[in-house]
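**Q** please work out how this folds:
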Amino acid sequence: MACRISEIVLDCADPERLAAFWCEVLGYAVLRRDGDDIEIGPPEGSGGLRPVLVLNRSDDPRPGKPRLHFDVNATDRDQEAELDRLLGIGARPADVGQTGEEDWHVLADPEGNEFCLLRRRVSEVR
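**A** Predicted coordinates for the structure are as follows:
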């Protein structure tokens, strides 16, 4: 038997702000609150194919470049329309040394965590 990723934990200064942002990006909902920490995931709950995201309150400063980032794909629109939507909800362009020839966009969430918007559209997993 193999494992699958069921949760991704992200340390952050403002879990409320990031929960709102990532819920909007991913079509997720708040599933659970534990003190300042917030778990978000698919509206139908955890345990399915899509992992939940745990936003863990932390005051520790981010030490250098993160070793992990998210890649997201639009499910119901083309890449440019999704880019406009993400920028409208608080994402901002991020420069990690791109050449300008890439077919993806590098963005940052409201706390500066980088993620990529890939070109290919994928079907929504439920």
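
**Q** where does the residue most central in space within the chain land in three-state SS?
**A** What sits nearest the mean C-alpha location of the chain, by C-alpha atoms, centre = their mean, is Trp22, with 5.2 Å. What DSSP: H, G, I helix; E, B strand; the rest coil gives for Trp22 is helix.

**Q** give the contact list for it.
**A** For Trp22, the contact set (C-beta atoms under 8 Å, 6 or more residues apart in numbering) comprises Tyr28, Ile40, Leu53, Leu55, Asp109. From N, CA and C alone the C-beta is placed, and that goes for glycine too.

**Q** same check on Glu16?
**A** Contacts of Glu16 (C-beta under 8 Å, 6+ apart): Ile38.

**Q** list the buried residues of the host helix or strand of it.
**A** Glu16 is part of helix 15-26, with elements assigned from DSSP states H and E. In terms of neighbour count (16 or more other C-beta atoms under 10 Å), helix 15-26 has its buried residues at Pro15, Leu18, Ala19, Ala20, Phe21, Trp22, Cys23, Val25, Leu26.

**Q** can you list those in CSV and add distance to Thr75 and pLDDT?
**A** Formatted as CSV, those follow (distance: C-beta to C-beta, whole Å; pLDDT from 0 to 100):
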residue, distance to Thr75, pLDDT
Pro15, 25, 96
Leu18, 21, 96
Ala19, 20, 97
Ala20, 20, 98
Phe21, 17, 97
Trp22, 15, 97
Cys23, 15, 97
Val25, 11, 96
Leu26, 10, 95
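
**Q** moving C-terminal from the helix holding Glu16, which element do we reach first?
**A** strand 29-34.

**Q** what's in contact with that next one?
**A** Against strand 29-34 from outside (C-beta under 8 Å, 6+ apart): Ala19, Cys23, Ile38, Glu39, Ile40, Gly41, Pro42, Pro43, Gly45, Ser46, Val52.
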